[in-house]
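**Q** any chance you could fold what I've pasted below:
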Amino acid sequence: MKLLSIVQQKASLGGVDSTLKLALSILWNLTDESPTVCQNFIRSQGLELYMELLETYHSEFSILQKILGLLNNVAEVEYLRPDLMVEELVEHVLSLLTLPQLPVDIRYFAGGFLAHLSSTQGPVWKLDLELLISLQETLHSSILSWSSPEQTMVSYKSFQPFFPLLELSQCPGVQLWALWAIHFICSQNAPKYCDMLQCEGGIRKLRILSRHFETHSDVRSLVESILKILDSNPHPARTEEDIN
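**A** Presented below is the predicted three-dimensional model:
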(Lines give C-alpha, C1' and ligand atoms only; values in the text may rest on other atoms or scores of the structure.)
Protein backbone atom coordinates (compact mmCIF):
# COMPACT_ATOMS: atom_id res chain seq x y z
CA MET A 1 0.00 0.00 0.00
CA LYS A 2 1.52 3.26 -1.17
CA LEU A 3 -0.02 5.21 1.68
CA LEU A 4 1.85 3.05 4.19
CA SER A 5 5.10 3.94 2.44
CA ILE A 6 4.28 7.63 2.79
CA VAL A 7 3.51 7.18 6.49
CA GLN A 8 6.73 5.24 7.00
CA GLN A 9 8.80 7.92 5.25
CA LYS A 10 7.28 10.71 7.29
CA ALA A 11 7.52 8.78 10.55
CA SER A 12 11.20 8.08 9.96
CA LEU A 13 11.78 11.82 10.25
CA GLY A 14 9.95 11.89 13.57
CA GLY A 15 7.91 14.97 12.79
CA VAL A 16 4.24 15.76 12.33
CA ASP A 17 2.97 17.52 9.22
CA SER A 18 -0.19 17.74 7.13
CA THR A 19 0.95 14.98 4.76
CA LEU A 20 1.36 12.46 7.58
CA LYS A 21 -2.00 13.39 9.10
CA LEU A 22 -3.73 13.17 5.72
CA ALA A 23 -2.23 9.77 4.91
CA LEU A 24 -3.25 8.39 8.31
CA SER A 25 -6.77 9.78 7.92
CA ILE A 26 -7.17 8.23 4.47
CA LEU A 27 -5.96 4.85 5.72
CA TRP A 28 -8.39 5.06 8.63
CA ASN A 29 -11.31 5.84 6.31
CA LEU A 30 -10.33 3.15 3.79
CA THR A 31 -10.40 0.42 6.45
CA ASP A 32 -13.84 1.42 7.75
CA GLU A 33 -16.09 -1.65 7.33
CA SER A 34 -13.81 -2.91 4.56
CA PRO A 35 -12.37 -6.34 5.46
CA THR A 36 -10.37 -6.57 2.22
CA VAL A 37 -8.54 -3.31 2.86
CA CYS A 38 -7.94 -4.37 6.47
CA GLN A 39 -6.45 -7.64 5.25
CA ASN A 40 -4.19 -5.78 2.82
CA PHE A 41 -3.07 -3.58 5.70
CA ILE A 42 -1.95 -6.66 7.66
CA ARG A 43 -0.29 -8.28 4.62
CA SER A 44 1.63 -5.07 3.88
CA GLN A 45 3.24 -5.09 7.36
CA GLY A 46 1.02 -2.23 8.39
CA LEU A 47 0.61 -3.60 11.90
CA GLU A 48 4.34 -3.55 12.53
CA LEU A 49 4.50 0.04 11.31
CA TYR A 50 1.59 1.13 13.48
CA MET A 51 3.14 -0.46 16.55
CA GLU A 52 6.17 1.74 15.92
CA LEU A 53 3.94 4.77 15.45
CA LEU A 54 2.30 4.17 18.83
CA GLU A 55 5.73 4.48 20.44
CA THR A 56 6.93 7.42 18.35
CA TYR A 57 3.80 9.56 18.63
CA HIS A 58 2.67 8.69 22.16
CA SER A 59 2.21 12.40 22.99
CA GLU A 60 0.63 13.47 19.69
CA PHE A 61 -3.08 13.10 20.35
CA SER A 62 -4.22 13.80 16.79
CA ILE A 63 -1.92 11.05 15.50
CA LEU A 64 -2.88 8.58 18.24
CA GLN A 65 -6.56 8.96 17.39
CA LYS A 66 -5.96 8.03 13.75
CA ILE A 67 -3.72 5.09 14.63
CA LEU A 68 -6.17 3.61 17.13
CA GLY A 69 -9.15 4.36 14.90
CA LEU A 70 -7.64 2.21 12.17
CA LEU A 71 -6.66 -0.57 14.58
CA ASN A 72 -10.24 -0.57 15.85
CA ASN A 73 -11.46 -1.03 12.27
CA VAL A 74 -9.12 -3.97 11.72
CA ALA A 75 -10.18 -5.56 15.02
CA GLU A 76 -13.79 -5.58 13.81
CA VAL A 77 -12.78 -8.22 11.23
CA GLU A 78 -13.01 -11.56 13.05
CA TYR A 79 -10.55 -13.52 10.93
CA LEU A 80 -7.85 -10.85 11.36
CA ARG A 81 -7.96 -10.80 15.16
CA PRO A 82 -5.32 -13.54 15.61
CA ASP A 83 -2.86 -11.26 13.75
CA LEU A 84 -3.59 -8.52 16.28
CA MET A 85 -3.01 -10.71 19.33
CA VAL A 86 0.52 -9.45 19.92
CA GLU A 87 1.24 -9.16 23.62
CA GLU A 88 3.30 -5.99 23.28
CA LEU A 89 0.57 -4.30 21.27
CA VAL A 90 -2.27 -5.37 23.55
CA GLU A 91 -0.41 -4.26 26.68
CA HIS A 92 0.43 -0.90 25.10
CA VAL A 93 -3.16 -0.20 24.06
CA LEU A 94 -4.41 -1.38 27.45
CA SER A 95 -2.12 1.11 29.19
CA LEU A 96 -3.76 3.95 27.24
CA LEU A 97 -7.11 3.22 28.89
CA THR A 98 -5.77 4.22 32.29
CA LEU A 99 -4.19 7.55 31.26
CA PRO A 100 -6.52 10.34 32.43
CA GLN A 101 -4.61 12.93 30.40
CA LEU A 102 -5.70 11.31 27.16
CA PRO A 103 -8.88 12.64 25.52
CA VAL A 104 -11.90 10.34 25.66
CA ASP A 105 -11.86 9.81 21.89
CA ILE A 106 -8.41 8.20 22.06
CA ARG A 107 -9.40 5.96 24.96
CA TYR A 108 -12.62 5.14 23.12
CA PHE A 109 -10.77 3.72 20.11
CA ALA A 110 -8.30 1.94 22.38
CA GLY A 111 -11.26 0.38 24.18
CA GLY A 112 -12.87 -0.65 20.91
CA PHE A 113 -9.72 -2.41 19.78
CA LEU A 114 -9.56 -4.35 23.04
CA ALA A 115 -13.29 -5.08 23.15
CA HIS A 116 -13.29 -6.63 19.69
CA LEU A 117 -10.07 -8.52 20.37
CA SER A 118 -11.44 -10.09 23.55
CA SER A 119 -14.88 -10.79 22.10
CA THR A 120 -16.29 -14.28 22.55
CA GLN A 121 -17.71 -13.99 19.02
CA GLY A 122 -14.63 -14.89 17.06
CA PRO A 123 -11.17 -16.46 17.42
CA VAL A 124 -10.21 -17.88 20.79
CA TRP A 125 -7.97 -15.64 22.91
CA LYS A 126 -4.43 -16.93 22.44
CA LEU A 127 -2.46 -14.70 24.81
CA ASP A 128 -1.96 -15.02 28.57
CA LEU A 129 -5.21 -15.54 30.48
CA GLU A 130 -4.20 -13.06 33.18
CA LEU A 131 -3.82 -10.40 30.49
CA LEU A 132 -7.36 -11.11 29.30
CA ILE A 133 -8.75 -10.80 32.83
CA SER A 134 -6.86 -7.52 33.36
CA LEU A 135 -8.13 -6.25 30.01
CA GLN A 136 -11.75 -7.04 30.86
CA GLU A 137 -11.57 -5.45 34.31
CA THR A 138 -9.76 -2.34 33.06
CA LEU A 139 -12.19 -1.93 30.18
CA HIS A 140 -15.13 -2.08 32.57
CA SER A 141 -13.78 0.35 35.14
CA SER A 142 -12.42 2.80 32.58
CA ILE A 143 -15.64 3.15 30.60
CA LEU A 144 -17.58 4.01 33.75
CA SER A 145 -15.31 7.04 34.21
CA TRP A 146 -15.71 8.42 30.68
CA SER A 147 -17.56 11.65 30.06
CA SER A 148 -19.06 12.43 26.67
CA PRO A 149 -16.94 14.61 24.35
CA GLU A 150 -18.54 17.86 23.24
CA GLN A 151 -18.37 16.86 19.57
CA THR A 152 -19.09 13.66 17.70
CA MET A 153 -15.88 11.64 17.39
CA VAL A 154 -16.87 9.63 14.35
CA SER A 155 -19.89 8.78 12.24
CA TYR A 156 -21.15 5.25 11.68
CA LYS A 157 -22.65 3.64 8.60
CA SER A 158 -24.22 0.86 10.63
CA PHE A 159 -24.58 -0.52 14.15
CA GLN A 160 -23.75 -4.03 12.92
CA PRO A 161 -20.15 -4.01 14.26
CA PHE A 162 -21.52 -3.37 17.76
CA PHE A 163 -24.14 -6.09 17.88
CA PRO A 164 -21.81 -9.09 18.41
CA LEU A 165 -20.42 -7.27 21.45
CA LEU A 166 -23.89 -7.15 23.00
CA GLU A 167 -24.34 -10.92 23.15
CA LEU A 168 -25.07 -12.38 26.58
CA SER A 169 -21.84 -14.40 26.39
CA GLN A 170 -19.72 -11.25 26.41
CA CYS A 171 -18.11 -9.89 29.57
CA PRO A 172 -19.62 -6.65 30.96
CA GLY A 173 -16.62 -4.56 29.86
CA VAL A 174 -17.10 -5.55 26.23
CA GLN A 175 -20.84 -4.91 26.41
CA LEU A 176 -20.27 -1.54 28.07
CA TRP A 177 -17.95 -0.34 25.32
CA ALA A 178 -20.53 -1.07 22.63
CA LEU A 179 -23.33 0.45 24.70
CA TRP A 180 -21.33 3.58 25.50
CA ALA A 181 -20.75 4.08 21.78
CA ILE A 182 -24.42 3.58 20.94
CA HIS A 183 -25.51 5.90 23.74
CA PHE A 184 -23.08 8.62 22.70
CA ILE A 185 -23.91 8.75 19.01
CA CYS A 186 -27.66 8.46 19.65
CA SER A 187 -27.37 11.38 22.07
CA GLN A 188 -25.48 13.44 19.50
CA ASN A 189 -27.75 12.75 16.52
CA ALA A 190 -30.94 11.10 17.73
CA PRO A 191 -33.02 11.37 14.54
CA LYS A 192 -30.42 9.60 12.41
CA TYR A 193 -29.09 6.98 14.79
CA CYS A 194 -32.28 6.09 16.64
CA ASP A 195 -33.88 5.31 13.28
CA MET A 196 -30.82 3.28 12.27
CA LEU A 197 -30.87 1.33 15.53
CA GLN A 198 -34.55 0.53 15.05
CA CYS A 199 -34.19 -0.51 11.40
CA GLU A 200 -31.27 -2.82 12.14
CA GLY A 201 -33.02 -4.63 15.00
CA GLY A 202 -30.94 -3.10 17.76
CA ILE A 203 -33.85 -2.48 20.10
CA ARG A 204 -34.51 -6.21 20.47
CA LYS A 205 -30.88 -6.78 21.41
CA LEU A 206 -31.11 -4.06 24.03
CA ARG A 207 -34.31 -5.55 25.44
CA ILE A 208 -32.67 -8.97 25.77
CA LEU A 209 -29.78 -7.46 27.73
CA SER A 210 -32.11 -5.41 29.89
CA ARG A 211 -34.28 -8.36 30.87
CA HIS A 212 -31.70 -11.11 31.35
CA PHE A 213 -31.10 -11.97 35.00
CA GLU A 214 -27.32 -12.29 34.58
CA THR A 215 -26.84 -8.86 32.99
CA HIS A 216 -24.47 -6.71 35.06
CA SER A 217 -26.12 -3.75 36.77
CA ASP A 218 -23.78 -1.26 35.03
CA VAL A 219 -24.75 -2.74 31.67
CA ARG A 220 -28.46 -2.68 32.47
CA SER A 221 -28.24 0.95 33.57
CA LEU A 222 -26.65 2.03 30.29
CA VAL A 223 -29.17 0.00 28.28
CA GLU A 224 -32.01 1.76 30.06
CA SER A 225 -30.44 5.15 29.28
CA ILE A 226 -30.36 4.27 25.58
CA LEU A 227 -33.96 3.07 25.66
CA LYS A 228 -35.02 6.41 27.17
CA ILE A 229 -33.42 8.21 24.23
CA LEU A 230 -35.26 5.89 21.85
CA ASP A 231 -38.56 6.48 23.65
CA SER A 232 -38.04 10.23 23.17
CA ASN A 233 -37.36 9.74 19.46
CA PRO A 234 -39.92 7.17 18.30
CA HIS A 235 -39.51 5.58 14.87
CA PRO A 236 -42.72 5.34 12.81
CA ALA A 237 -42.10 1.65 12.15
CA ARG A 238 -41.62 0.65 15.81
CA THR A 239 -43.66 -2.38 16.72
CA GLU A 240 -45.37 -3.21 19.99
CA GLU A 241 -42.60 -5.75 20.63
CA ASP A 242 -39.98 -3.01 20.33
CA ILE A 243 -41.84 -0.77 22.74
CA ASN A 244 -42.46 -3.49 25.30
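**Q** name the element the nearest residue to Glu91 once chain neighbours are set aside belongs to?
**A** For Glu91, ignoring the flanking residues on the chain, the nearest one in space by C-beta to C-beta, 6 or more residues apart in numbering is Leu131 at 7.1 Å. Every residue, glycine included, has its C-beta placed from N, CA and C. Using DSSP states H and E, Leu131 sits in helix 129-144.
**Q** let me know the pLDDT of the nearest residue in space to Arg107 that is not next to it in sequence.
**A** Distance criterion C-beta to C-beta, 6+ apart; nearest residue to Arg107, sequence neighbours excluded, is Leu97 at 5.6 Å. For Leu97, the model assigns a pLDDT of 92.
**Q** which ones are touching Leu97?
**A** Leu97 sits next to 107, 110-111, 114, 138-139, 142 when contact means C-beta atoms under 8 Å, 6 or more residues apart in numbering.
**Q** pick the one among these closest to Pro35.
**A** Leu114 (19.6 Å; C-beta to C-beta).
**Q** just give me the neighbour total for the closest one.
**A** 28 (other C-beta atoms under 10 Å).
**Q** could you report the pLDDT at it?
**A** On the pLDDT scale, Leu114 is placed at 97.
**Q** how much space separates the closest residue in space to Cys171 that isn't next to it in sequence from Val93?
**A** Nearest non-adjacent residue to Cys171, counting by C-beta to C-beta, 6+ apart: Gln136, 4.6 Å away. Per C-beta to C-beta, to the nearest Å, Gln136 is found 14 Å from Val93.
**Q** neighbour-wise, which of those two wins?
**A** Using other C-beta under 10 Å as the criterion, Gln136 and Val93 rank with Val93 on top: 26 against 18.
**Q** any stretches of this protein with poor pLDDT?
**A** Applying pLDDT under 70 to the chain picks out residues 149-153, 234-244.
**Q** tell me the centre residue of it?
**A** Closest to where the C-alpha atoms of the chain average out (C-alpha atoms, centre = their mean) is Gly112, at 2.5 Å.
**Q** can I see the domain layout of this protein?
**A** Here the domain parsing of the chain from the TED database is 1-146, 155-238.
**Q** before we move on, back to that, of the contacts of Leu97, which is the nearest to His216?
**A** Closest to His216, out of all of those and judged by C-beta to C-beta, is Leu139, at 12.4 Å.
**Q** with Leu227 as the reference, measure out to that closest one.
**A** 23 Å.
**Q** please apply the same query to Leu117.
**A** 28 Å.
**Q** okay, these two: which has more neighbours?
**A** Each of Leu117 and Leu227 has its neighbours counted (other C-beta under 10 Å); Leu117 has more, 25 against 16.
**Q** pretty sure the more buried one contacts Met85?
**A** Yes - using C-beta atoms under 8 Å, Leu117 is in contact with Met85, at 6.7 Å.
**Q** now the common contact residues for those two.
**A** Common neighbours of Leu117 and Met85 (C-beta under 8 Å, 6+ apart) do not exist.
**Q** thinking again about what came up before, can you count the residues close to the residue nearest to Glu91?
**A** Residue crowding around Leu131 was assessed by other C-beta under 10 Å; the count is 16.
**Q** could you do Ala178 as well?
**A** 26.
**Q** now for it: which residues touch it?
**A** When contacts are counted by C-beta under 8 Å, 6+ apart, Ala178 touches 115, 162-163, 165-166.
**Q** quick one, helices of this structure?
**A** Using DSSP state H, the helices of the chain run over 2-12, 18-30, 35-43, 46-56, 61-75, 81-84, 87-96, 104-117, 129-144, 172-188, 190-199, 202-211, 217-232, 240-243.
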